[in-house]
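Trainee: Okay, sequence plus prediction incoming.
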Amino acid sequence: MHVGIDLGSRTIKVAVLENGQLVDQQISESGFDPHGQALEMIGRYNPVRVVATGYGRHLARKHFADEVITEIKAHALGARHHFPECTTVVDIGGQDSKVISLDARGRVSNFQMNDKCAAGTGKFLEIMAASLGFRLDEFGPAALASTQEVAINSMCTVFAESEVISLKNHGSPPGDIARGVHLSVVNRIVGMLGRVGYGELIVFSGGVARNPCMVKLLRERLDNVRVDSPPAPDIVGALGAALYAGRMEL
């Protein structure tokens, strides 16, 4: 049994492999004690190896992980497990966004990461949803139901929130503003893709890949490019870490 754990900024994800097959997975809020939460999550298993990734990976190595790998490598491994032919991965997490380019053998050849501010991340969408009075799970469907988008000119979270509030107070429908917010994030990701380069299949991972509007708009902006996600996009990083744990024995 091999366990991969992704200690992210907002959530902790665990993937468990046995004989190369995913047999269990968990997702939990990081909370105020991510180390304690992580120990509780993996405590039910008796793994041969534990490999950690994510923001808290070095803390995990200090206390319980056998090895750590970067989020870039973890998402590359996890994405290729589900889609062996993919050469591009887009991961939008709680606090950062990543575009990863892979070579024909699945090795990372280039990447770009937005981790300096919340713009273009799950946190950005969460703040904008709250400003418009939506729960996060309502935000994507509300934006998807709109056929008009209101332009959001600022990608700085603070300025964008002020812009959203101003648009709302001037009578713009919340759904239209929501669509504009989603489009602003998609445009940012498309810009990152253009700088890194991308192939005919893009694997969309991370919790934001569960947002139906993000998926639809990304597909529309990348015409003739297949954009797909695994069944559980949130745990792709943890899965990659578990796969790496299995490779350590080879």
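Mentor: Noted; the coordinates are in hand.

Trainee: domain parsing for the protein?
Mentor: Per automatic domain parsing, the structural domains of the chain span 1-83+231-250, 85-229.

Trainee: Kindly compare burial across the ones you listed and name the winner.
Mentor: Greatest average neighbour count among these goes to domain 1-83+231-250 (a mean of 20), per mean count of other CB atoms under 10 Å. Any C-beta I mention is one placed from the backbone N, CA and C, and that applies to glycine too.

Trainee: Now do that one: distance to the chain's middle.
Mentor: Mean-position distance between domain 1-83+231-250 and its chain equals 14 Å (CA atoms, centre = their mean, to the nearest Å).

Trainee: Tell me where this structure has strands.
Mentor: Per DSSP state E, the chain carries strands over the ranges 2-7, 11-18, 21-29, 49-53, 67-68, 88-92, 97-102, 108-114, 201-205, 226-228.

Trainee: coming back round to it: export the domains of the chain as TSV, with columns for mean pLDDT.
Mentor: Shown next, in TSV, are the domains of the chain (pLDDT from 0 to 100):
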stretch	mean pLDDT
domain 1-83+231-250	92
domain 85-229	90
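
Trainee: Reformat the strands of the chain as a markdown table; add distance to Ile235.
Mentor: Below are the strands of the chain laid out as a markdown table (distance: least, CB to CB, whole Å):
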| stretch | distance to Ile235 |
| --- | --- |
| strand 2-7 | 7 |
| strand 11-18 | 5 |
| strand 21-29 | 5 |
| strand 49-53 | 11 |
| strand 67-68 | 17 |
| strand 88-92 | 12 |
| strand 97-102 | 16 |
| strand 108-114 | 19 |
| strand 201-205 | 9 |
| strand 226-228 | 16 |
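
Trainee: Now do the lengthiest helix in the chain: distance to the chain's middle.
Mentor: As assigned by DSSP state H, the longest helix anywhere in the chain is helix 174-196. With CA atoms, centre = their mean as the basis, helix 174-196 stands 15 Å off its chain's centre.

Trainee: and it with strand 201-205, angle?
Mentor: Here helix 174-196 runs at an angle of 120 degrees relative to strand 201-205 (axes from the mean of the first three to the mean of the last three CA atoms, to 10 degrees).
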